[in-house]
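Novice: Provided below for reference: sequence and predicted model.
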Amino acid sequence: MLIKIQSSEIITSILDRKPIFATMITKVFYYIFILPISLLPYPVLYLISDLLFILMYRIIGYRKEVVFSNLKNSFPDKSEQELKHIMSAFYSHFCDLIMEGVKGFTISENQLRKHLVVKNPEFSNYFADKGQSIIFVGGHYNNWEICAQAFAMYSNHKCIGIYKPLSNAFINDKIYTSRSKYGMHLISMKQTKKSFEEGDEAKAIVFGSDQNPANPKRAHWVQFLNQDTAVLFGVERYAKEYDWPVVFVSISKVKRGHYEVEYSLITDKPTEQLHGKITEDFTKRLEQDIINQPQYWLWSHKRWKHKR
């Protein structure tokens, strides 16, 4: 989980001119607050989450206008009361994600297996055992961070996650270590194509493809949650170029802090698919998950910045 902390203009100005101060403050914050909190048991973490919910939702109102606008446009048939109920449930879940993300810095393998279960690992391992590489694609739905941490534990593939390195080298290193300590190999977005071409072992490359694309001209446009939406096209492009099967990753929340993953095949013949079919199929599956339990998607993201 990446947490963006907005500072005052004065502090931001100082940190921009004095990068060493930023690193020092980050280290102090990590070792004095984040690391000790991550060692707390889950019940205590969720007490903190409940307090954080009051702060973020009731007092600060973090991105409430963005969240409500996204919900209203996505579910035009729902009443304002229904939308506010979903919004409140989203913030409660979002605060849980923050605390679960903090826990991720020190979570043990046994804890990880208890809190994230893959229901059908044999589905992807069928391809791995044949020496066939695949693409996993999912969205920022439920706890995608714990899913990323646990992928390799349930897979016979060499699992590779695509991520965007942070500008703060210290926190980037901590997040990198956290995500990769149980077998996930992380590579920068700039090295994506290289990851497809290097090595002879069967690989599973993991993409999160539901966020707003930086360049809408290179995106594929679909109807998603009742809106004209630009969708990242990388998964389909790479699948067809390298002829790798595409597998959808669906994450469901069983109860607080406990998640299940289920794989389903989008296609094992990507080169035979019509243009846009893979992207549209992924988007429809994610959309259905969101419709079923809308509070678990990342509504605070400014998803619809671009217009066709």
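Specialist: Arrived safely, thanks for sending.
Novice: and the helices in the protein?
Specialist: Here the chain has its helices, by DSSP state H, at 9-17, 19-29, 35-38, 42-53, 64-74, 80-103, 109-115, 121-129, 144-150, 169-180, 192-197, 234-242, 277-292.
Novice: which of the ones you listed sits closest to Lys203?
Specialist: helix 192-197 (7.4 Å; Cβ to Cβ). For the C-beta atoms, the positions are set from N, CA and C on the backbone; glycine is no exception.
Novice: report the buried residues of that closest one.
Specialist: Ser195, Phe196 (16 or more other Cβ atoms under 10 Å).
Novice: ok, stretch 150-165 next?
Specialist: 150-163.
Novice: pLDDT check: weakest of the residues you listed?
Specialist: The lowest pLDDT within the buried residues of stretch 150-165 belongs to Tyr163, with 84.
Novice: just confirm it contacts Ser188, I think it does.
Specialist: Yes - using Cβ atoms under 8 Å, Tyr163 is in contact with Ser188, at 7.1 Å.
Novice: what segments of the stretch 151-300 of the chain are strands?
Specialist: Secondary structure of the stretch 151-300 of the chain (DSSP state E, counting those that start in this stretch): strands located at 158-163, 185-188, 203-208, 220-224, 227-231, 246-255, 258-267.
Novice: count of neighbours near the closest residue to Ala230 other than its chain neighbours?
Specialist: Distance criterion Cβ to Cβ, 6 or more residues apart in numbering; nearest residue to Ala230, sequence neighbours excluded, is Ala219 at 3.8 Å. Ala219: 19 surrounding residues under other Cβ atoms under 10 Å.
Novice: next one: Ala219 from Thr279, what distance?
Specialist: 9 Å (Cβ to Cβ, to the nearest Å).
Novice: in contact with the residue lying closest to Gly183 once chain neighbours are set aside, which residues are there?
Specialist: Among residues not flanking Gly183 along the chain, Ala152 sits closest, at 2.9 Å (Cβ to Cβ, 6+ apart). The contact partners of Ala152, by Cβ atoms under 8 Å, 6 or more residues apart in numbering, come to Lys158, Cys159, Tyr182, Gly183, Met184, His185.
Novice: go again using 6 Å as the cut-off
Specialist: Cys159, Gly183, Met184 (Cβ atoms under 6 Å, 6 or more residues apart in numbering).
Novice: so the first one versus Lys174, what's the distance?
Specialist: Yep, that's Cys159 we're talking about. 20 Å.
Novice: ditto for the last one
Specialist: As for Met184, its distance to Lys174 is 15 Å (criterion: Cβ to Cβ).
Novice: what about those two, which has more around it?
Specialist: Applying other Cβ under 10 Å to Met184 and Lys174 shows that Met184 carries more neighbours, namely 23 against 18.
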